[in-house]
Structures are given as structure tokens and as C-alpha cells.
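Q: Give me a 3D structure for the following:
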Amino acid sequence: MEKIRTKFQIFMIGRYGVDKLSNYLLYGGLAFVFLFSLLKWTPGSLIGWVAILIGYYRAFSRNRTKRYQENQKFLTFIYHLNDKWNKQRNKFHQRKVYKYYSCSNCHKEFRVPRNKGKIKVTCPHCKEQFIKKT
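A: All right, here's what the predicted structure looks like:
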């Protein structure tokens, strides 16, 4: 067993290895294959196999800089998705405490406390003032 491990380590020298994008491709492809094989829809299963093959190709690739750049683009994309999701989630959880408005001048969104009646609101970005009901 140790001999196989050593040979694999020697084989992997200079190769990129598994990163987040490869993990997403491998596990997502596996999920696609499993799901669409249950539904007996062959094109979906093929998409899963292609994703798995791309994941392995990335892991065994010797072009480390290209794979690193691909992974960085993927991570920034995932970060922006998570950021948007968290903002919407926080906005939903705070809906009983704060009211959200967008400025008519600069279109930036800001929040004000609820149940204060009519108040004079100043946009923190462009300093535009208007009266709103909370």
C-alpha cells in the first residue's frame, strides 16, 4: 500500500492537484450522474460525466498558472453570489426592525428604523434629503 502511495506522489509532482473548482466539478458531476440516472435522462447524465472529466483534467494538469487563474475567477464568482445571498438574507431578517429605501438621486439603498412616523431622511452617499414614513 505504501508503494502505491509513493508512486502516486511521484506522479503528482508538478501537477496542479484538487482545488475548490475541481471539487465543485467532481461532486456536482457526481450529483448530476446520480440524479439523472434515476430519472433515466441520458443528456443530463452525460453533462455530469463531462463535469467529472473536466475536474480530473484540472487536477492532473501541469499548467498550474492557468488552473490557478481559473480557480481565482471561480472563487470571486462564488464570493459575489454568497455576498448577494447574505445581503438578501440579512435584509429579510431585519425587515421588522428596519425599513429599506433607495435614494431617488443616486439610487443607493439604505435603511431607517421602523415605527418612527414621518422623518426627514438624508442619503448617506449623496446627502439628498427627503421625507419618508417609517
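Q: Contact partners for the spatially most central residue of the chain?
A: By C-alpha atoms, centre = their mean, the chain has its centre lying nearest to residue 78, at 2.2 Å. Contact analysis of residue 78 by C-beta atoms under 8 Å, 6 or more residues apart in numbering lists residue 20. Just so you know, the C-beta spots here come from the backbone N, C-alpha and C atoms, and that holds for glycine as well.
Q: Tell me the spacing between it and residue 59.
A: From residue 78 across to residue 59, the span is 19 Å (C-beta to C-beta, to the nearest Å).
Q: got the CA positions of stretch 44-55 in CSV?
A: C-alpha atoms of stretch 44-55 as CSV (Å, rounded to 0.1, in the frame of the first residue of the first chain):
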residue,chain,number,x,y,z
GLY,A,44,-28.1,15.1,-18.0
SER,A,45,-26.0,12.1,-17.1
LEU,A,46,-23.6,13.0,-19.9
ILE,A,47,-23.3,16.5,-18.6
GLY,A,48,-22.3,15.0,-15.2
TRP,A,49,-19.7,12.8,-16.8
VAL,A,50,-18.2,15.7,-18.7
ALA,A,51,-18.0,17.7,-15.4
ILE,A,52,-16.2,14.8,-13.7
LEU,A,53,-13.8,14.5,-16.6
ILE,A,54,-13.0,18.3,-16.5
GLY,A,55,-12.5,18.0,-12.8
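Q: can you give me how far that stretch is from the chain middle?
A: Relative to its parent chain, stretch 44-55 has a centroid offset of 20 Å by C-alpha atoms, centre = their mean, to the nearest Å.
Q: Could you give me the buried positions within whichever helix in the chain runs longest?
A: Longest helix in the chain, counting residues (DSSP state H): helix 64-93. Residues 67, 70-71, 74 are the ones in helix 64-93 that count as buried (16 or more other C-beta atoms under 10 Å).
Q: what element comes up after it heading to the C-terminus?
A: Counting by DSSP states H and E, the next helix or strand C-terminal to helix 64-93 is strand 98-102.
Q: Would you give the sheet partners of the helix or strand following that following strand, along with the direction of each?
A: Downstream of strand 98-102, the next assigned helix or strand under DSSP H and E is strand 109-113. Under the criterion DSSP bridges, strand 109-113 sits next to strand 98-102 (antiparallel) in its sheet.
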